[in-house]
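Colleague: please find the sequence and the predicted model below.
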Amino acid sequence: MCYHPTGRFLSCPCKLELTGGSSPHLVDSNRQSSVVSDPTSIKAAAARVTEQLGGSGLNLLINNAAIAKVSTLAAETRENMMEVYETNVVGPMMVSQAFTPLIKKAAQESPQKGMSCSKAAIINLSSEGGSITNVLLFESGQVVNYRCSKAALNMLTKCQSLAYAEDKILCVAMHPGWVQTDMGGAMAKLKVDQSVHDILNTISKLSEKDTGTFVNWEGKPVPW
Ligand SMILES: NC(=O)c1ccc[n+]([C@@H]2O[C@H](COP(=O)([O-])OP(=O)(O)OC[C@H]3O[C@@H](n4cnc5c(N)ncnc54)[C@H](OP(=O)(O)O)[C@@H]3O)[C@@H](O)[C@H]2O)c1
């Protein structure tokens, strides 16, 4: 979760240099205080961020948390489908709902024209694995639960972009690459540092023309 109250340094594992002369910072909302699909946790996280912002709006929300259950289509289960959908789709939807008042406030307070991540934005970490056109790495893992959830997250992103267009909130779905995380595994092509570096660079360049789109870590379009 990222915020930029005044350009001051707050709690910052990673500094973002965004366009518009501002310097937003990241706040990591930890697992204990933010179970993404639990309304009580979400409410508590929103209250904590509101307090930290000290009356300012929230410029940038990144919905990053997700899970995947290893499976084949033949072995897929109702439990997998429901759990993954709840975490990967319902979670980002509810978190976004809870933080929207703060993001709208940031948009209203910003002197910037148009849209940007240094003004007001929601970035949903999606996956090319959920691209209906590309179905990335299907031969390596069918993981239908995850693919379906990311396709749905992409639709959520599109809906958010339409619903928040008048509020000037930029909404983008982003594929971070195949990355060497717990989820991506050791065989993945990108190191975490490289992916994060490129994602931050791409985020800093997003503008109004990008809202409602699906892009990768380098800012290249990904087909739905
Ligand atoms: N790595 C890749 O190759 C790759 C490729 C395409 C897309 N992505 C996407 O990139 C994003 C980041 O993935 P990653 O590779 O960093 O995955 P990861 O290594 O599995 O980490 C996922 C993170 O999400 C958190 N999380 C999971 N369920 C949660 C919940 N209900 N509430 C709060 N936090 C929860 C986990 O917390 P705990 O550790 O506490 O469980 C963990 O910190 C995801 O949206 C993923 O779908 C990743």
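Modeller: Yep, that arrived. Residues are numbered from 1 along each chain as shown.
Colleague: can you tell me which residues contact the residue of the chain positioned farthest from its centre?
Modeller: In terms of distance from the mean C-alpha position of the chain, Ala74 ranks first, at 30.2 Å (Cα atoms, centre = their mean). Contact analysis of Ala74 by Cβ atoms under 8 Å, 6 or more residues apart in numbering lists nothing. Quick note: C-beta positions are derived from backbone N, CA and C, even for glycine.
Colleague: distance check, it against Asn201.
Modeller: From Ala74 across to Asn201, the span is 41 Å (Cβ to Cβ, to the nearest Å).
Colleague: what is the burial count for the residue of the chain found nearest the ligand?
Modeller: Closest residue of the chain to the ligand, Cβ to the nearest ligand atom: Gly184 (2.8 Å). Neighbours of Gly184 under the rule other Cβ atoms under 10 Å: 16.
Colleague: this structure: strands as residue ranges?
Modeller: In the chain, the segments counted as strands under DSSP state E are 2-3, 25-26, 60-63, 121-125, 170-175, 213-216.
Colleague: deepest-packed of those, please.
Modeller: Most buried of the strands of the chain by mean neighbour count (mean count of other Cβ atoms under 10 Å) is strand 170-175; its value is a mean of 27.
Colleague: what does it contact?
Modeller: 115-117, 119-128, 131, 153-154, 157-158, 160-161, 164, 199, 202-203, 206-208, 210-217, 222.
Colleague: when you check the ligand, which of those turn up near it?
Modeller: Leu125, Ser127 (Cβ under 6 Å from any ligand atom).
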